[in-house]
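Visitor: Based on what follows, work out the 3D shape:
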Amino acid sequence: MSVQELEQRTRHALRLSSRWLSGHLSPRRTLYIDSTANIPVSDVRFLPGRLGEWVLTVSKGIWDVLTIWDLSSSGTESRKACEWSLRGGLFNGLALNSSSGSEATVALAVSKDGEHKVHLLSLQTKEAGNYCLETISTVLSGMKPTKLEGDLLALSDDVTQTVIFNWRLRTSAILQQPEDDAGIWHPNRSIQVVFAHRSVLVVRACSIHLFPYPVLEEIPPTYHSIAQHSFGWIDGVCVTPSRSNSPILSILLRGESDDPWSSGLHSLDQYTLTPNPISNDENDEEGSFIPPYIFPPTLTAKVPAIRGSLRCRNVLLGPCGTAAWIQPQDRAVVGLAWPGNEDHPLLAIHPTSGNESLMVAAFPGPLARDKDDDVEQDGDVVGTRSTAVATNGLNNWTALDYDEEVGRIIHRQYSWKDDYGRSNSESLEGDGSSMCVREQVDAMWSEIACATHGRTLGTQVKVAPSNEFTGPGTSCVTFSFRCLR
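Guide: Numbers count the residues shown, from 1 in each chain. Got it, this is the predicted structure:
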């Protein structure tokens, strides 16, 4: 890293942290990309280590297509860098490499002609600044990739088993949780795998299991869980190693929120797994293994929330404790009465209308505001305020990703419009159309409305903040890119 780049990143980090600490979190720039093709997009992700300037999307058509978009242009253009697909192939899951310097960029599960493989794809630079995705290795497996870190790949089924595989050395180990945890009527799907302190944490839909860190061999050994806990059935969960001197794991989860007959009381809860100071690597005198983390997890903070149905149930938590999620529309606004006899900290919920809201919050950590601004809860549990940074009148957000390091959020919505439907925003059409770039250096922030080549992307870019369409008809996919800095 050059001295100039180090200075730029330091100044950016200071600006971003000052915004979190001050509570001024409205987006400084927003990009809308409307794809008019009848091909729905099922997933959007930021590529790790790319400063939030590269985005991956998965499109669902006759066969599936993975596309990488480059938003890093210093001018007014954003472009489709490359795409990858197999004719007739369907994608069943993916994992991006958290080690940006690794040769493998993404692990992609593909089903084609009854055969299931996991493709390790590498983003490579070609002549004239062009890019391509090339398969550098394959794994014959019907499991889904849930973690890719360097050469280590985690593959999980929807029942009880996770395999840790070194795709370069072709060695592996099996992590097996108890059979009685598997529900025949409620598959316990794997959501996340975390390579933690001397252990591996497997996060599933209704349980978390801690395993000893495995030794990978050509003939895979089997490891059983050494600690486990269940939060019940949940809508979303995210586990992140905290950025501290201790290898603490922070867990953010959203309980089931779409039961119309349940209590209005609801929240997003933060738990922590703290390292066990008396943990051992081998069995103690009584022949038991002491886990490297203390179970069960400890509840440390709550964010009051609203119940309701959602298409996008992801909750995303960064190492510094900042989080982003989609909040459903308020029942009270759409017709269901809010219970008035419950001791619910309504003041802690950011005022919303009957629309979905994009929410952010800073949980206890280096970017949390002073305790005087928090809503006190029971005992040692801290009540944290959330902030709505955007609303969606169409209530159709379906995918979300958040890059804490650069303060960027991307979300995707699916809407409809007919041939006579008109956007409330001004649109730019034609070849090479672009949007303006505006900077306010004296205010220590810049607002850059990124642009698109209409012919290259087959897209339409909208300028104004409104993004609603009227009338039924052809499909329209919208990506919104928001920057908090």
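Visitor: quick one: low-confidence parts of the stretch 51-200 of the chain?
Guide: When the per-residue scores of the stretch 51-200 of the chain are filtered using pLDDT under 70, the ranges that remain are 73-78, 180-187.
Visitor: for this protein, longest helix please?
Guide: Secondary structure assigned by DSSP state H gives helix 3-22 as the longest helix of the chain.
Visitor: By neighbour count, which bits of that helix are buried? Give me those.
Guide: Of all the residues in helix 3-22, those buried under the rule 16 or more other Cβ atoms under 10 Å are 15-17, 19-20. Using the backbone N, CA and C atoms, a C-beta is placed for each residue, glycine as well.
Visitor: Just the strands from the stretch 51-200 of the chain, written as ranges.
Guide: Secondary structure of the stretch 51-200 of the chain, counting by DSSP state E, counting those that start in this stretch: strands at 54-59, 65-70, 79-84, 90-96, 106-112, 115-125, 131-140, 144-149, 152-156, 161-166, 171-176, 190-196, 199-204.
Visitor: could these go into JSON lines alongside distance to R243?
Guide: Converted to JSON lines, the strands of the stretch 51-200 of the chain look like this (distance: least, Cβ to Cβ, whole Å):
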{"stretch": "strand 54-59", "distance to R243": "23"}
{"stretch": "strand 65-70", "distance to R243": "27"}
{"stretch": "strand 79-84", "distance to R243": "30"}
{"stretch": "strand 90-96", "distance to R243": "20"}
{"stretch": "strand 106-112", "distance to R243": "25"}
{"stretch": "strand 115-125", "distance to R243": "27"}
{"stretch": "strand 131-140", "distance to R243": "31"}
{"stretch": "strand 144-149", "distance to R243": "17"}
{"stretch": "strand 152-156", "distance to R243": "21"}
{"stretch": "strand 161-166", "distance to R243": "24"}
{"stretch": "strand 171-176", "distance to R243": "26"}
{"stretch": "strand 190-196", "distance to R243": "14"}
{"stretch": "strand 199-204", "distance to R243": "17"}
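Visitor: OK, contacts around the closest residue to F363 other than its chain neighbours?
Guide: Counting by Cβ to Cβ, 6 or more residues apart in numbering, the nearest residue to F363 once its immediate chain neighbours are dropped is G321, at 4.2 Å. Counting by Cβ atoms under 8 Å, 6 or more residues apart in numbering, G321 touches 242, 250, 362-368.
Visitor: so how far is L253 from F195?
Guide: In this structure, F195 and L253 are 20 Å apart, going by Cβ to Cβ, to the nearest Å.
Visitor: With I226 instead?
Guide: Taking Cβ to Cβ as the measure, I226 falls 22 Å from L253.
Visitor: likewise L169?
Guide: As defined by Cβ to Cβ, L169 lies at a distance of 35 Å from L253.
Visitor: picking that back up, could the contacts of G321 go into JSON lines alongside secondary structure and pLDDT?
Guide: Rendered in JSON lines, the data for the contacts of G321 read as follows (DSSP: H, G, I helix; E, B strand; the rest coil; pLDDT from 0 to 100):
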{"residue": "S242", "secondary structure": "coil", "pLDDT": "91"}
{"residue": "S250", "secondary structure": "strand", "pLDDT": "96"}
{"residue": "A362", "secondary structure": "strand", "pLDDT": "92"}
{"residue": "F363", "secondary structure": "coil", "pLDDT": "91"}
{"residue": "P364", "secondary structure": "coil", "pLDDT": "88"}
{"residue": "G365", "secondary structure": "coil", "pLDDT": "85"}
{"residue": "P366", "secondary structure": "coil", "pLDDT": "86"}
{"residue": "L367", "secondary structure": "coil", "pLDDT": "87"}
{"residue": "A368", "secondary structure": "coil", "pLDDT": "83"}
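Visitor: Out of those residues, which comes closest to L108?
Guide: Set against L108, the nearest of the contacts of G321 by Cβ to Cβ is S250 (28.1 Å).
Visitor: Dump stretch 2-16 to CSV, restricted to CA.
Guide: Below are the C-alpha coordinates for stretch 2-16, written out as CSV (Å, rounded to 0.1, in the frame of the first residue of the first chain):
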residue,chain,number,x,y,z
SER,A,2,1.4,3.4,-1.0
VAL,A,3,1.7,6.3,1.4
GLN,A,4,-1.0,8.2,-0.6
GLU,A,5,-3.4,5.3,-0.4
LEU,A,6,-2.8,4.8,3.3
GLU,A,7,-3.6,8.5,3.9
GLN,A,8,-6.8,8.3,1.8
ARG,A,9,-8.0,5.2,3.7
THR,A,10,-7.1,6.8,7.1
ARG,A,11,-9.1,10.0,6.2
HIS,A,12,-12.0,7.9,5.0
ALA,A,13,-12.0,5.8,8.2
LEU,A,14,-12.0,9.0,10.3
ARG,A,15,-14.9,10.5,8.4
LEU,A,16,-16.9,7.3,8.6
